[in-house]
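> take a look and give me a structure for this.
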Amino acid sequence: MKKYMKTIKQIVFVVIVAAISLTIGSFIGGKQSKPEITSDLITQQLRSASELTTLEYLYTNIGKFENNIDFNGWNIPLTTKEFVLSYDGVIKAGIDLEALEVKVEGQRIVVTLPQATITSHVIDEKSIQLFNESKNIFNQISVQDYVDFTKVLKEEKELDLETKGLLEQAQEKSKEVLTTLIDTLTDHEYTIEFTA
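Residues are numbered from 1 along each chain as shown. Here you go, the predicted structure:
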């Protein structure tokens, strides 16, 4: 019985020592495995996405195309070609993370942010509808007319949204997203500042 109790005590002792060793080991291991926060580390982590889209704008647009055959600045009568075009589009805006610069200065992280730009502008081809197409035999509508007119409408839409502050909104949203990412990476131990 004494021998049996002695064996149980030895087993309990070994288990306790093992538990303490594991606890200390994991604590030390945890300390060692925590990466050192450097400018390169943060830059690498953020640039891995290459592009940060922070704003997506869905819209429906409609426009009227009209063209006449021209002779020395005069429109020739009965040569008008026209159509009305409607479509759905998606504009995305964000920043190029390749142009991002990060500096760690003590407990401060300074991020030099590139200016937000429109990163893509896509028209949903299935949504395109044509109305009031003219059938003028002297000045027929071509595929190029549709292509060129769509390009003009896209440029007008982008300019309109830029004047309404689309890129400024994307810039501010980029700061919010990057702040969250950096805070997650650094366990909220640093102050984050943005510069242009």
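
> so this structure: which segments form each domain?
In terms of domains, the chain is parsed into 1-34, 35-195 (source: automatic domain parsing).

> looks like Asn70 contacts Ile76 (just checking).
Check again: residue 70 is Asp, not Asn. Yes. Between Asp70 and Ile76 there is a contact under C-beta atoms under 8 Å: 7.2 Å. Quick note: C-beta positions are derived from backbone N, CA and C, even for glycine.

> helix, strand, or coil at the residue most central in space within the chain?
Nearest to the mean C-alpha position of the chain, by C-alpha atoms, centre = their mean, lies Thr53 at 1.1 Å. The three-state label given to Thr53 by DSSP: H, G, I helix; E, B strand; the rest coil is strand.

> could you pull up the mean pLDDT of the helix or strand hosting Ser174?
Assigned by DSSP states H and E, Ser174 falls within helix 166-186. The average pLDDT within helix 166-186 is 92.

> how far does it sit from the chain's center?
In terms of C-alpha atoms, centre = their mean, to the nearest Å, the centre of helix 166-186 is found 10 Å from the chain centre.

> immediately after that helix, which helix or strand?
That would be, after helix 166-186 and using DSSP H and E, strand 191-195.

> tell me the strands beside that following strand, with direction?
With DSSP bridges as the test, strand 191-195 is paired with strand 108-112 (parallel).

> quick one: buried residues of the strand it pairs with?
Within strand 108-112, the residues that count as buried by 16 or more other C-beta atoms under 10 Å are 109, 111.

> what is the rounded mean pLDDT of that strand?
93.

> out of the domains of the chain, deepest packed?
Mean neighbour count, computed with mean count of other C-beta atoms under 10 Å, is highest for domain 35-195 among the domains of the chain, reaching a mean of 14.

> chain center to it, what's the gap?
On C-alpha atoms, centre = their mean, the centre of domain 35-195 falls 10 Å from that of its chain.

> so what sits against both of Asp70 and Ile76?
Counting by C-beta atoms under 8 Å, 6 or more residues apart in numbering, no residue touches both Asp70 and Ile76.

> thinking again about what came up before, who's in contact with the helix holding Ser174?
37, 41-42, 45-46, 52, 54-55, 57, 91, 93-95, 109, 111, 113, 115-118, 190, 192, 194.

> re the thing from before, pick out the shakiest of the domains of the chain, pLDDT-wise.
domain 1-34 (a mean of 45).

> show me the strands in the protein, by range?
51-67, 70-71, 74-75, 81-96, 101-105, 108-112, 117-123, 129-131, 191-195 (DSSP state E).

> could you dump the ones you listed to TSV with distance to Tyr146?
Shown next, in TSV, are those (distance: least, C-beta to C-beta, whole Å):
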stretch	distance to Tyr146
strand 51-67	8
strand 70-71	20
strand 74-75	21
strand 81-96	7
strand 101-105	43
strand 108-112	42
strand 117-123	11
strand 129-131	8
strand 191-195	43
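
> any idea which of those gets closest to Leu159?
Closest approach to Leu159 among these (C-beta to C-beta): strand 117-123, 10.2 Å.
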